[in-house]
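[1] Sharing a sequence plus its predicted fold:
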Amino acid sequence: MRWKVRPEDFQVEEMIELPLQPGGPYTLYQVRKRGRTTLEVQAELAARLGVPQRAVIFPALKDRDALAVQMAAVRGPGPARVQGEGFEAVRVGYADRPLRPQDLRGNRFIVRLRDLADREIERLPEASALLAAQGFPNYFDDQRFGSWSPEAGFIGRPLLLGQAEETLRIYLTIPLIGDPPAVRAFKAEAQAWWGNWAALLERAPRPSNYRSVLVFLRDHPTDWRGAVRRIPGRLRALWVDAYRAWIWNRMLAWVWARIPHYEIEIRGERFPVPLEPPPEAAALVALPHRRARSEPPWLEALAAVLEEEGLQPSHFRRGALLEDAPPPTRRPVWCRPFALEIKSLLLEKREAILVFELPPGSYGTMLLKVLQTWIEGSSAR
């Protein structure tokens, strides 16, 4: 079974309640994108509209390797249509405020499964029905972890620890999983030119934030904190949130490794999938935060994972490298899909089309990983 062979094989559309207000100060756009990250589209849309990037607000991020339809709010007036590489934005109205994550009601998915084996064709209906009835672990999936490197780990960790030089070293020289080819090529050169900020400035991608950081370093060669604060605040916050998401995943794994389970892979590591919804499936569990409150067994899980990571709850705060403390986010540990059905099963092509809806923040790829594991019937532990 394969999915995401082509971007159109994995289609996702936001379900959102728009705060429409005629003549409001924000222009609302429906954005269709293909082969681009939301942050890339945000930057290009801002450039084409001639506004700062912070004036373009997306309430959620969507995967690069998909055909995605999502909403954006732009502070100020805008044209009826904006087109760029891999995206089109169509004006749908106006609002008196920007869009917020709280406006999201979920996401609707249409997924084409390719290269189905005989066993997969035979077991797909039963496994889909079971998944619709039981649900699946609400892990964050690979898309959330683009700021991880096999060499250096998560760049969010030195940010939390206040390690400015290490943060810059990773930012400027270590390829992260989500880096595009041009950035990877620049970082390969940066390792050899570390400290020669003027030379690195000449080699930095245009346009990019690397240039503003390197201009600062050229004029202030050892002011590591000042240089880190030239990295956009939202990007630094996303790095920290990705690291918090990884810790949260590990908390679930710490609890569920002790009960019968299958396993799936997330970012190269194995995570347990309980054979049936566990007693704590209804729980809302906080991501790591300075004032997070957790009940057993999550309290013990958080303490164990933070100890392994060399962290304490007090590290998740506003500091020299973060203008704002990470928010006290709570997330359901279990997810149940809505309206999951096999729309078609094309035996001659060995393909199937699934449609389903998920709550905000849940991953369609996670549903597919669990579905594949159940179909394959891998040995339970």
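    That came through, no problem.
[2] List the buried residues of the longest helix along the chain.
    For the chain, the helix with the greatest residue count under DSSP state H is helix 233-256. The neighbour-count check on helix 233-256 (16 or more other Cβ atoms under 10 Å) flags 236-256 as buried. In this view, the C-beta of every residue, glycine as well, is placed from N, C-alpha and C.
[3] so the helix or strand following that helix versus helix 233-256, what angle?
    Using DSSP states H and E, the next helix or strand after helix 233-256 towards the C-terminus is strand 261-266. Angle of strand 261-266 versus helix 233-256, following axes from the mean of the first three to the mean of the last three Cα atoms, to 10 degrees, is 160 degrees.
[4] who does strand 261-266 pair up with?
    strand 269-274 (antiparallel) (DSSP bridges).
[5] and the residue nearest the centre of the chain, helix, strand or coil?
    Geometric centre of the chain, nearest residue: Arg144, 2.9 Å, by Cα atoms, centre = their mean. Here Arg144 is helix, with the state taken from DSSP: H, G, I helix; E, B strand; the rest coil.
[6] Quick one: residues contacting it.
    Shown in contact with Arg144 (Cβ atoms under 8 Å, 6 or more residues apart in numbering): 242, 245-246.
[7] For those, please prepare JSON lines with the additional fields distance to Arg81.
    Formatted as JSON lines, those follow (distance: Cβ to Cβ, whole Å):
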{"residue": "Ala242", "distance to Arg81": "33"}
{"residue": "Ala245", "distance to Arg81": "35"}
{"residue": "Trp246", "distance to Arg81": "39"}
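[8] one step back: so how far is the longest helix of the chain from its chain's centroid?
    10 Å (Cα atoms, centre = their mean, to the nearest Å).
[9] Quick check: end-to-end length of stretch 221-241?
    End-to-end distance of stretch 221-241 (Cα to Cα, to the nearest Å): 29 Å.
[10] go on, stretch 290-309?
    End-to-end distance for stretch 290-309: 15 Å, by Cα to Cα.
[11] just how off-centre is that stretch within its chain?
    22 Å.
[12] and the longest helix of the chain, what does it pack onto?
    Other elements packing on helix 233-256 under the criterion 3 or more Cβ pairs under 8 Å, 6 or more residues apart in numbering; DSSP states H and E are strand 153-154, helix 156-160, strand 269-274, strand 284-286, helix 298-309.
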